[in-house]
Every structure is written in C-alpha cells, then in structure tokens.
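Colleague: Need coordinates for the below:
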Amino acid sequence: MSVTPVRRSCTGRIPVILILVLCLAFTVDAAVVTRGITVAPTTTAPVLQRVAVTTTVTTAPTVTCQAPCECLGRTAAVAKWGDGGFTQCAELPCAHSLAVTGAPVDNYCFQPKVTPTLTILSRVSILPVSTTAVPVLQQVSCPAGQAICASTGCTNTSTDPKNCGSCGHACSFGQECSAGSCRQPVAVAQKPAAGTCFLGMTNCSGTCTNTLTDPLNCGGCGEQCSPGEPCTGGSCGAECPQGTSQCRQGECVDLKTDSFNCGDCGISCGVRETCSQGKCYSLCSVSPSTFTSFSWADWRGNNWLTSVKNQGACGSCWAESVTGVTEGTYNLEKGSQNNLDLSEQAFVSGCNGDFGSCTGGDHTAVLASMKSSGIPDDAVLPYQSGNCAHTDANGHTVCNAGIGPHCSTPNTCDMGALAPDRLWKIQSYQRETSDYPWTASDEFTTIKRAILCKGPLDVCSGHWWHCVTLVGWQGSEYSANSGWIIKNSWGGAGYQVIPYGDPWSSDKNDLGDLVLDAWSVKGVYHAP
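Modeller: Next up is the predicted model:
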C-alpha cells in the first residue's frame, strides 16, 4: 500500500487534558569557539660591535665543521646571517686567528638558525567555523578540569568514553566513562513521572504503588503496617481476605491475576505478558477490553520508555517520535531498562538524507532510514537545534535569521565522521492502521491491540501538525477525562492525555487522524 509522505511542522494546536505548552517555547544559546596558538614577537638582541679584519693561523687543538656548519669568526657570521640569525655548532674552535693588533681570535662552527613551523592542535566549534584566515591565532586554553585531546579538542577525560582517563583511551562499546574509568552502565528502571500512574496505582515518592494492598503504603503513601501484618483494602489487618494470599512483605495478592505472583508467590510473568486465572498470557492474545487503562509508561510499576526529550524552538517532532518508539521498543525486546538515547540531531541535520529540518519533516522517511542506514546514539551527535525556528503571525514555522539554507544546527552532516561502533538500526517497521477503517470500533480495537502487542507507536496528526509517541490509553471511548496517553517532546513531565476524537469535527464518531497514521518498529539492534 503506497503512502504519500507528509511533512509535519510540529507547531500545530494540540488539546491536552494534563499539560499544555507551546511547541517552540524553549530556546538555547549557541556560540562559536576558535582555538589556536599565539606567536610571540622575536626580541631583537643588541648589535655586536665590529672588530678589525683577522688573518687565519693554524693552531691546535681545533674541530672540523660538518655541513651545514661553517668555520667563521663571529663578526663574519653576523655579516652573513644577521645578528641573532645563527647558532654555534660546537664548543671547541675550528681555527685560530690573529687580529691586526696581534691579539688571538678564535673561529667557531656556526650555522643559520631554523625557525620552527607552528601546528594548530585542535579547532572546536558549536556552529560551523568560518574558513576566513585568522591573522592572529589565539592561545589554546581549556576550562579547569579539561584536557586538550587531538581528536576532540577540550575534553573532560573523567566522563568522555572516547578519552576516558587520558586522551585516546576509548571505552569498549556499551561502556560508560565514570571518574576516568570505563565501566558497564548501571541500568536503572526509570521511575514514572508525577501523574503517570494508572491502573489504580498511586505515585509514592516516584514509585507507582497500590495503596489498597501495599503494607508499606497502606491507605496512603508512607502509612506502614506492622511487620508481617497484611494490607487489605487500604487497611492493616491480621489476615488476608478470602481469595488472596500473603506473599512478599505481608502484601495480600490475588494469585489468579497478580503478574508478580501468578499461580504462586514469586512466579513472575514476562514484561509482555499478563496474569489471568493463575497463568501468564502474551499481551498479543489478550483483548484490549481487558484493560480500562493501559500505559507502557507505567506497566507493572515501571516506565519502559526512555527519558523525555525537549525539541525546544525547533519543529523536530517528526524525528523525536521515531526515536522515542525505537528506544522504548528496545527496552521491551530486552526485558530491561537500557537507557538507549538515539540522536535526533542526525535526522534534523540531514545525515542520511533531507527528510526535514526545524520547519517540519517526514516521519515515514525517518523510519525507512532507520532500517537502511541506522542512527548513532546521542553521545556521538547530541541535540543542538533547540533554538532554530519560531512561529510567525500566521502560525507557520519560520527559520531564525542566520541559520542557513538548511534550518538546523549544524546545517550539514557527514555520517562517515561519526563513530561506526555507535550505530543502531531496526529490522522492520509497519503501519498498524488503515486510511479508511470500517468502523470506529475497529479503529479502537486495532490501535489498542497494536499498543499491547507491538509496544509504543509512532503517530502523527494532520489536525494538530504534530508527531508524538503513543504509549497507551485511559478510559473508555467518549467517557470524561479519557483519551490516548502520549509521550510528548516538549520537556517537563512529558506525558499527556489527548482526546480520542477530533475536537474540531462535528461527527462525534470521528476518532481523529491520530490513529490513521500509526507505526510500530521491530528488531532494534546495534549495527557496528
């Protein structure tokens, strides 16, 4: 099925139930730093006083001058190369002379002085550096705690994985640099952001908790039961109610439905499974109607997505949504939080082709590029385009003055210069919905089943001119405070609920075009 590419400007209106911010509300400052070496002027030595012409005589001991050294009197050397323009080759004289006055004068081996060639060790810049010649070079100087490395310029060797501990000492793939030593990264599951706990859970100090059954937060955060005393219905009791069993820390659980204690205490289902009748079932086999609410940002108490990005004053949502889906899918495929952080800047700068810029782009072209060419991680090419565009009086995204023909910072990109061992690809991508679904019910079933079975989805809306990562849903169709749960790229908490339907449509059965342009990815892998 052919799909017509649509560029998304990422600056349209988007109704949200939780948090509303402007797409281009954030800016960053950029600067150009040029470094070199200062050449100090040569100090002129006092001119030697001339003496009378001498006559050479043979007197031992002497040395023989080797080219380019010549046997000359000092006065003759000054006359030949200028004052300060020569150096002495040996300590012993090469010949003895007598002045016309009869006084002895020694000749020595002299050679012309060679001026060394200066080499600029590094040039570091945030914005493209002008090719205009600089008449006076600046002294190389790095901030305290940084060293000058030939490949990267001023570098913090305490944290840079390419120069860990010393310049040129690179960590192995997958390692991080901490205090100047390479180590395996500490994989810590992200805590859900405030307001993102669903399925009857409560956010207690960043952890989603069931206050009806948790003895450490029984009835409310911090309300602890006595040791060994279970929590039932939000109250501390001596025994678990009928149909439940006491497992970890005195928590009363239903062994028929608890995914951490499915069928028996301590038997945990997989990340992409759920517990029903004491058995673990794949989410692909479960009807979406089983869940009134569902979110990969809070599934079984963990956030399976990665950190929230901030696109700033740049219409790069078309790249942010794809990287967000890829990073989250990688966590689900591995069954753990891996903190993968991909480089949106590689797409915004056009490393694999011109799919868009800070004035909008085509997310389907990015998906195709992820499969064929891949993308480096953010450490190789971090995001720098957060202050490139603005919205004009007509609501259109316009590039800021002085940016260049391609609205991004940097304006160009050479993928060959990026570290080849930091490249990531996907095996496949798939459109999950049709342009013309048969009924509204089919739309809901298809999109929700795709979220359960495939993971987060890359979605874009022509109504809002914005792309986001679709991670779940809240509430039933058309009910109050219900809608799709999205991971946005506007910073802050990052998770919002938007209405199921199109708020500008008079047809209340219109679910909006968000569900008509939804894509999943599969098989995220490292491609050195």
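Colleague: Hmm, residue 413 and residue 346 touching each other?
Modeller: Yes - at 6.5 Å, residue 346 counts as touching residue 413 under the criterion of Cβ atoms under 8 Å. (Each C-beta comes from the backbone N, C-alpha and C, glycine too.)
Colleague: More neighbours: which of the two?
Modeller: A side-by-side neighbour count of residue 346 and residue 413, using other Cβ atoms under 10 Å, places residue 346 first with 27 against 20.
Colleague: now the helices for the protein?
Modeller: With DSSP state H as the criterion, the chain has helices at 74-81, 317-334, 345-348, 363-372, 440-454.
Colleague: and residue 524, which of the ones you listed is closest to it?
Modeller: Of all the helices of the chain, it is helix 317-334 that lies closest to residue 524, at 4.0 Å by Cβ to Cβ.
Colleague: Show me what counts as buried in that closest one.
Modeller: 317-333 (16 or more other Cβ atoms under 10 Å).
Colleague: So what angle separates the directions of it and helix 440-454?
Modeller: Comparing the axes of helix 317-334 and helix 440-454 via axes from the mean of the first three to the mean of the last three Cα atoms, to 10 degrees yields an angle of 60 degrees.
Colleague: Now do helix 317-334: which elements does it pack against?
Modeller: Counting contacts by 3 or more Cβ pairs under 8 Å, 6 or more residues apart in numbering; DSSP states H and E, helix 317-334 is packed against helix 345-348, strand 360-361, helix 363-372, strand 457-461, strand 466-474, strand 518-526.
Colleague: how about those in JSON lines, adding distance to residue 68 and mean pLDDT?
Modeller: What follows is these, written out as JSON lines (distance: least, Cβ to Cβ, whole Å; pLDDT from 0 to 100):
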{"stretch": "helix 345-348", "distance to residue 68": "54", "mean pLDDT": "94"}
{"stretch": "strand 360-361", "distance to residue 68": "64", "mean pLDDT": "92"}
{"stretch": "helix 363-372", "distance to residue 68": "60", "mean pLDDT": "96"}
{"stretch": "strand 457-461", "distance to residue 68": "71", "mean pLDDT": "91"}
{"stretch": "strand 466-474", "distance to residue 68": "70", "mean pLDDT": "92"}
{"stretch": "strand 518-526", "distance to residue 68": "58", "mean pLDDT": "95"}
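Colleague: just checking, residue 165 touches residue 159?
Modeller: No - counting by Cβ under 8 Å, residue 159 is not a contact partner of residue 165; they are 10.5 Å apart.
Colleague: Are there residues contacting both of those two? Which ones?
Modeller: In the contact map built from Cβ atoms under 8 Å, 6 or more residues apart in numbering, the residues linked to both residue 165 and residue 159 are residue 177.
Colleague: Report how many residues lie close to the nearest residue to residue 494 once chain neighbours are set aside.
Modeller: Nearest-residue entry for residue 494: residue 308, 3.0 Å, with adjacent residues in sequence omitted and distances by Cβ to Cβ, 6 or more residues apart in numbering. Around residue 308 sit 20 other residues, with neighbours defined as other Cβ under 10 Å.
Colleague: Contact partners for residue 308?
Modeller: Contact criterion Cβ under 8 Å, 6+ apart gives 193, 487-489, 491-495 as the residues in contact with residue 308.
Colleague: Point out the least confident one among the residues you listed.
Modeller: Between the contacts of residue 308, the one the model trusts least by pLDDT is residue 193, at 47.
Colleague: I appreciate the help and will end here.
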